[in-house]
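1. Make a model of this:
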Amino acid sequence: MSIPNDLLPTTCDVYRPFGAATATYTNVPCRLVGDLVRGESDTNDLRWTHYLVVQPTADILDGCTRLAPSNAISYSDGDEIRVPTGVSTPRFVVIWVVTVDQGTPREYKRAYLMRHVA
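-> Sure, this is the predicted structure:
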């Protein structure tokens, strides 16, 4: 199952691990959405600046974990996402990946991203 490709207006490249010299996957159909307002709240332990919508079969990995018995999130670099825009190619680190509407015709993955500025 998947969402219609016309809802994914651009493509991205996935680099594994973050900072790799060559892309693991290229031209992955996606939609990049700015989400700074919800991702940067003071009451939210998980921080992000954007999210990426991709097909449920897209191979994108996050890097967050937690150690029991605490609920505290430990950040580590997940995959790197690059979204070519024609003028520049912003870089993002994958914070968290979730499957949305699993088992339905509208199933997709949402990857929460933090913009990387070198």
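2. Which pLDDT value goes with residue 100?
-> Looking at residue 100, its pLDDT reads 95.
3. Helices of this structure, start to end?
-> Here the chain has its helices, by DSSP state H, at 36-39.
4. among the helices and strands of it, which has the poorest mean pLDDT?
-> helix 36-39 (a mean of 68; mean pLDDT, DSSP states H and E).
5. gap between the residue sitting furthest away from the middle of the chain and residue 75?
-> Distance from the C-alpha centroid of the chain, by Cα atoms, centre = their mean, peaks at residue 69 (26.7 Å). Separation of residue 69 from residue 75 (Cβ to Cβ, to the nearest Å) stands at 19 Å. (Glycine included, C-beta is placed from N, CA and C.)
6. Which stretches in this protein count as strands?
-> Using DSSP state E, the strands assigned to the chain run over residues 10-15, 25-34, 50-54, 80-82, 91-100, 108-116.
7. Residue 64 is nearest to which of those?
-> Comparing those against residue 64 with Cβ to Cβ, the closest turns out to be strand 91-100 (5.7 Å).
8. related to what we said a few turns ago, can I get the strands of the chain in JSON lines with distance to residue 65 and mean neighbour count?
-> Shown next, in JSON lines, are the strands of the chain (distance: least, Cβ to Cβ, whole Å; neighbours: other Cβ atoms under 10 Å):
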{"stretch": "strand 10-15", "distance to residue 65": "20", "mean neighbour count": "20"}
{"stretch": "strand 25-34", "distance to residue 65": "23", "mean neighbour count": "16"}
{"stretch": "strand 50-54", "distance to residue 65": "20", "mean neighbour count": "22"}
{"stretch": "strand 80-82", "distance to residue 65": "18", "mean neighbour count": "22"}
{"stretch": "strand 91-100", "distance to residue 65": "11", "mean neighbour count": "19"}
{"stretch": "strand 108-116", "distance to residue 65": "15", "mean neighbour count": "21"}
